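Enquirer: Here you go, sequence then predicted model.
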Amino acid sequence: MKNTKILLLISIAVIFGINMFSGSINSYYYQIIIYCGINIVLATSLNLINGYTGQFSLGHAGFMAIGAYVSAALSTYLAPTLLSVLGDGVIGRAIWFIAVLTIGGAGAALAGIIVGVPSLRLKGDYLAITTLGFSEIIRVVIQNLNVIGASQGFRGLYVYDNGVRSLEMVPELSNVTFRFYDIPKYTDFFWAFLVAAIIIFGITNLMKSTYGRGFIAVKDDEIAAEAMGINTTRFKVTAFIIGAFFAGVAGGLYSHFLQYINPEDFNFLRSIEIVAMVILGGMGSTLGVVIAAIVLTILPELLRDVQQYRMIIYALLLIVMMLLRPQGLFGMKIDRKKKKISPLDKSDAVLNDKK
Amino acid sequence: MDILTLNNCTIKFGGLTAVDSLNANVQENELVGLIGPNGAGKTTIFNIITGVYAPTEGDVLFNGESIIKYKPYQVTHKGIARTFQNIRLCQSLSVKDNVKVSYNNSCKSKLLSSIFQLKGYHKEEKEIDDEIHELLKMFDLSVVADENAKNLPYGDQRKLEIVRALATKPKLLLLDEPAAGMNPSEKRNLMQLIEKVKDKFNISILLVEHDMNVVMGICERIYVLEYGKKIAEGKAEEIQKDPKVIEAYLGEPPK
C-alpha cells in the first residue's frame, strides 16, 4: 500500500475544496462541523493511548487545556510582534497558526512526559485516577493564573499605546488609545480537518508498521512484549506524548475557533466525553472512533429539541450501545470468557509486579 | 565455550529460597534439559536468566558478560529468547503479526519512518514479511498466518510461541514446557522440530519439560533440581539411574 501518501494529499485537496464553500453553510451547522473535526482529533489521539496501547487515561482534557491556553496566549501576547513580522496575509496567518498550534501541542506533549513517566508504572484504574487528577491540577492552575484570565476565562488582550497590557479595559487610561488583540479566529474547516486527516493518516500508518505493532503488543501482554525485546515503558510514554501533542493541537484549534476559553471547558466531563467516543467507536479502531466522534458531537445537538430529556437519552443510548456491542462500533472482539489463571500464573504476575 | 553460565545463583522470596546456589552452564549449540518436580524452581531460573528477577546472590553470565543488571527486553536484545509455560500470545493480533512484534527491535524503521513511510520503509517491511513467511512455513503455520492467534489449537499456539521467540534472532532459546498439553504425535513432531531449530539456527537451547520422553529423547545434558538445589547432572542414562533423582520423583525406596 504505497498510496497512503497520495490518499492524504487527495483528502487535503478535498478538504481545501470544501473549505471554499464553507461561507455558504449556516453558521450553526458550521460550528458543529468544526467541533466534529476537533473531536475527531481528540478521540483518535486518545485512542492511541487507551485503545491501541491499552493505558487507560482520563487526562485528555488537561492536555487539551494546555494546548488551548498556550496557543491562545502566544497568539495574543505576541500578536503585535507577529503582525509586524508576518503581516496579516494568508501565508502570514498560516505560518502564525501552524507555529502556535505546534508550540501548544509541544507544551501538552511536555506535560505528557512529566505526567507519563512516573504514572505509566501504574496500571488500569490507578493510571486513570492519576491522569484524572493531573488534568484537574492543570485546570485549577489555570483558574489561578491571572495572566490568562484565571476563572474569568481568556478572550484577548488590551494593549495601550503607553505600553500597558491588560485583560480588561483600564478605566484610568480611558484617554489613551489602545488596541484589543483577541484570539484570532483562524480555525476553519480546512485547518480542523487538515489536522484530523494528518492524525488519521499517521495513526493508520503507524499501526500497520512493524514498529507500531509494539503498541498493540504492550496492550495485549506486557510480559510477553518485554520478552520479545520491546521496551514497554518507552512505548507507553511514546503513545502518551503523541496523544498529548495532538490533544494540545486540538485545544489550539478550539481556542482559535471559539475565541474565548474558560477553564471550565476543560473539566473532567470533557475527558469523559472523549473517552466515551473512544469506547463507543471501539478501542483500537481508528475508523470506529472517527465515526463515534462525529456521532457524539452531533447527537447532543439533534437532541436539543427535547432539551430536558437530552442527557437521559444520551446516557441511555450509551448504555444500550455498551450492552449490545461492548467492543464498540468497529472494535476488535472482546473475549467475554474469563481467562483462566493458574495458581502458578498468579504468583508469576504478583512477583513481576514487585520488580 | 559456555554461552550461558549460572554462577552460584541464589534467589530468595522472603523466607523461601527458590533457587539455592545453583551452578550450571549451557555450551554453544547445546541442548540442555532442566527437570525437577513441581516447585523445584525451574521457571524461576528462567525468570532470573531473562532479567525478570535479579538473583539475591550470584551472577548470570551470557557470552562472558554479566546480564543480571539488564531488564527483560535488554536481555532479549542480547540474544536470549524465551517461551512461556502459560501461553502468552498477543490475543488481538494475527499469527503473522504476533511474529512481527519480535522484529520490533531489529527493524530500522522506527516511529517517524513508520508514520511517514520514509525511504526504505516498504522494502524493510517486505523483507520482514518474507522472513516471517519462511519461519511460519518451517513450523507448518503458514496456512493460518492470517488467523487470529487465540483461535489456534493449543499445540499450534505453543509452536507459535517458539516461532515468535526465534524471530528475535536469539543465540540461546529458553523453552518452558513446550510439550505441555500436546498429544503424543504432536510431541514427537515437536522433538524433531526442536532439534531441527537447534541445528538450522545454530543456537543453544535450555529446555524445561515434565515429559520425560521428550527430555530424555533430545537433551544432550540434563540438570535435575529439587527445592531449588541441583541434585544431579549428566546424560539421560546417568540421570535415570541416579538414586537421588529417583528419590526426588518417586520417594524413598522401601526398605
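Expert: Looks like it arrived, so ask away. Residues are numbered from 1 along each chain as shown, chains lettered A, B, ... in the order given.

Enquirer: Might you enumerate the residues of the stretch 201-350 of chain A proximal to chain B?
Expert: Counting by CB under 8 Å from any CB of the partner chain, the residues of the stretch 201-350 of chain A close to chain B are A:202, A:205-206, A:209-214, A:216-217, A:219-221, A:223-232, A:238, A:284, A:332, A:335, A:342, A:344-345, A:348. For glycine as for every other residue, the C-beta is placed from the backbone atoms N, C-alpha and C.

Enquirer: Can you tell me which of the residues you listed are buried?
Expert: A:202, A:205-206, A:209-214, A:216-217, A:219-221, A:224-232, A:238, A:284, A:332, A:348 (16 or more other CB atoms under 10 Å in any protein chain shown).

Enquirer: pLDDT below threshold where in the stretch 101-250 of chain A?
Expert: Along the stretch 101-250 of chain A, no part satisfies pLDDT under 70.

Enquirer: Helices of that one, start to end?
Expert: Using DSSP state H, counting those that start in this stretch, the helices of the stretch 101-250 of chain A run over A:124-143, A:189-208, A:210-220, A:222-227, A:232-258.

Enquirer: for the second one, which positions count as buried?
Expert: It stands for helix A:189-208. A:189-207.

Enquirer: rewinding a little: I'd like the helices of the stretch 101-250 of chain A as TSV, with distance to B:Ala24 appended.
Expert: Output for the helices of the stretch 101-250 of chain A, formatted as TSV (distance: least, CB to CB, whole Å):
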stretch	distance to B:Ala24
helix A:124-143	38
helix A:189-208	42
helix A:210-220	31
helix A:222-227	21
helix A:232-258	29
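
Enquirer: so which of those helices comes closest to A:Glu264?
Expert: Closest to A:Glu264 of these is helix A:124-143 (CB to CB; 8.0 Å).

Enquirer: How about residues contacting the closest one?
Expert: A:55-63, A:65-66, A:69, A:111, A:115, A:119-120, A:122, A:148, A:150-151, A:263-264, A:266-268, A:271 (CB atoms under 8 Å, 6 or more residues apart in numbering or on different chains).

Enquirer: ditto for stretch B:94-107
Expert: A:210-211, A:213-214, A:216-217, A:225, A:228-230, B:73, B:76-77, B:81, B:89-90, B:93, B:124, B:128-129, B:131-132, B:135-136, B:141, B:144-149, B:152, B:160, B:163-165, B:167-169.

Enquirer: what residues are up against the nearest residue in space to B:Leu190 that is not next to it in sequence?
Expert: Nearest non-adjacent residue to B:Leu190, counting by CB to CB, 6 or more residues apart in numbering or on different chains: B:Ala179, 5.6 Å away. Applying CB under 8 Å, 6+ apart, we find B:Ala179 in contact with B:158, B:186-187, B:190, B:209-211, B:214.

Enquirer: can you give me the strands in the stretch 51-200 of chain B?
Expert: B:57-62, B:65-66, B:80-82, B:172-176 (DSSP state E, counting those that start in this stretch).

Enquirer: Ok, chain A next?
Expert: For chain A, the strands defined by DSSP state E cover A:156-160, A:165-166, A:178-182.

Enquirer: which of those strands sits most buried?
Expert: strand A:156-160 (a mean of 19; mean count of other CB atoms under 10 Å in any protein chain shown).

Enquirer: Surely A:Ile15 is in contact with A:Trp191?
Expert: No - counting by CB atoms under 8 Å, A:Ile15 does not reach A:Trp191; the two are 9.2 Å apart.

Enquirer: got a list of what the most centrally placed residue in chain A touches?
Expert: Geometric centre of chain A, nearest residue: A:Ala247, 2.6 Å, by CA atoms, centre = their mean. Applying CB under 8 Å, 6+ apart to A:Ala247 gives the contacts A:41-42, A:45-46, A:60, A:63-64, A:67, A:108.

Enquirer: before we move on, what about A:Ala197?
Expert: Contacts for A:Ala197 (CB under 8 Å, 6+ apart) come out as A:8, A:11-12, A:15.

Enquirer: again with B:His133
Expert: B:His133 touches B:142, B:145, counting by CB under 8 Å, 6+ apart.

Enquirer: repeat that for 7 Å
Expert: B:Ser142 (CB atoms under 7 Å, 6 or more residues apart in numbering or on different chains).

Enquirer: And the pLDDT for it?
Expert: On the pLDDT scale, B:His133 is placed at 93.

Enquirer: Equivalent analysis for A:Lys355, please.
Expert: For A:Lys355, pLDDT reads 37.

Enquirer: do A:Lys2 as well
Expert: In this model, A:Lys2 is scored at 57, pLDDT.

Enquirer: for A:Leu7, same thing?
Expert: 85.

Enquirer: How about A:Gly331?
Expert: So A:Gly331 comes in at 65 (pLDDT).

Enquirer: Please apply the same query to the one 5 residues further on.
Expert: Per-residue confidence (pLDDT) for A:Arg336: 43.

Enquirer: Endpoint to endpoint, stretch B:109-128 covers what distance?
Expert: From its first residue to its last, stretch B:109-128 covers 11 Å (CA to CA, to the nearest Å).

Enquirer: can you check stretch A:295-308 too?
Expert: First-to-last residue span, stretch A:295-308, CA to CA: 20 Å.

Enquirer: What residues sit buried inside it?
Expert: A:295-298, A:303.

Enquirer: show me the contacts for residue 227.
Expert: Let's take chain A. With CB under 7 Å, 6+ apart, A:Ala227 has these contacts: B:50, B:72, B:76, B:82.

Enquirer: wrong one, chain B
Expert: With CB under 7 Å, 6+ apart, B:Tyr227 has these contacts: B:Ala40.
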